[in-house]
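Trainee: Fold the following, please.
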Amino acid sequence: MNEFPNGWRDYFVKEISEPVEHTFRVVLAEAQVSQAAEQIIELGHAALPLEHDKTDSLIEIIWRDCISYSLLDESYTSVGPTKSSDGSYISMLEIFDQSDYIDYLKKISFADHVYPGPFKHYRLSSLTHIIDVISIYPPVFRNIKSSEVNQMKITTRQFQALP
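Mentor: Presented below is the predicted three-dimensional model:
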C-alpha cells in the first residue's frame, strides 16, 4: 500500500505510538456497521453501532522525522475535513503547505523551511480523533493484521485510544 485510501471512510484510531525517537505511528481500524441494534438513551431510539471486527486488516501510518504532532478529540474540533462542492468529504488525510498549525509551530519553535528543511502539515480525521502531524517526509502506509498491533518496541511513549 503506497497511498492512503481515497474518499471518506470510517476509521477508529486503534493505536498511537512513537516507536523510535522522532517517528510517529498511527494504526487505524475500519469501522463496520453492527447488525445488532442497541437502544441509545441520548438519541431516544435504537441505533446500529460502528465496530471493528478484530479479524479485519488495519492500516499503519508512519511519519519519519516528525517535528510535531497533536491529538484532539473530534468532538472539540472547530475545523472539519474539507468538503467537495457536493458536500461530501474529500479525504480523511489532508496535506497542507500552509496552515494555522504550521503558524503555531513557527511561534513556539525555531523549526522552519531552512532547518530542519521543507515540511508539510498532515491532518488525519477519524471517527474519534483529529491528528495533526508536521513532518519533513510524507507518511508511509502499510496494511497490517491485528496481531501486529502493539508488537513494536516503544522506546519513548505510547498512548492507547480509549474504547
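
Trainee: Which strand residues bridge R123?
Mentor: E94, D132 (DSSP bridges).

Trainee: so it sits right up against P139, yeah?
Mentor: No. Checked against C-beta atoms under 8 Å, the pair R123 and P139 is beyond contact range at 11.7 Å. All C-beta spots, glycine's among them, are computed from the backbone N, C-alpha and C.

Trainee: what touches both of those two?
Mentor: Each of L93, V133 lies in contact with both R123 and P139 under the rule C-beta atoms under 8 Å, 6 or more residues apart in numbering.

Trainee: what ranges do the strands span in the protein?
Mentor: For the chain, the strands defined by DSSP state E occupy 11-17, 24-30, 32-33, 38-40, 45-47, 50-51, 58-63, 66-73, 93-96, 120-125, 129-135, 140-144, 158-159.

Trainee: would JSON lines of the ones you listed with mean pLDDT and mean neighbour count be doable?
Mentor: Compiled in JSON lines, the strands of the chain are given as follows (pLDDT from 0 to 100; neighbours: other C-beta atoms under 10 Å):
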{"stretch": "strand 11-17", "mean pLDDT": "88", "mean neighbour count": "21"}
{"stretch": "strand 24-30", "mean pLDDT": "90", "mean neighbour count": "23"}
{"stretch": "strand 32-33", "mean pLDDT": "68", "mean neighbour count": "12"}
{"stretch": "strand 38-40", "mean pLDDT": "59", "mean neighbour count": "10"}
{"stretch": "strand 45-47", "mean pLDDT": "60", "mean neighbour count": "10"}
{"stretch": "strand 50-51", "mean pLDDT": "62", "mean neighbour count": "14"}
{"stretch": "strand 58-63", "mean pLDDT": "92", "mean neighbour count": "20"}
{"stretch": "strand 66-73", "mean pLDDT": "93", "mean neighbour count": "16"}
{"stretch": "strand 93-96", "mean pLDDT": "90", "mean neighbour count": "16"}
{"stretch": "strand 120-125", "mean pLDDT": "93", "mean neighbour count": "22"}
{"stretch": "strand 129-135", "mean pLDDT": "94", "mean neighbour count": "22"}
{"stretch": "strand 140-144", "mean pLDDT": "89", "mean neighbour count": "13"}
{"stretch": "strand 158-159", "mean pLDDT": "34", "mean neighbour count": "13"}
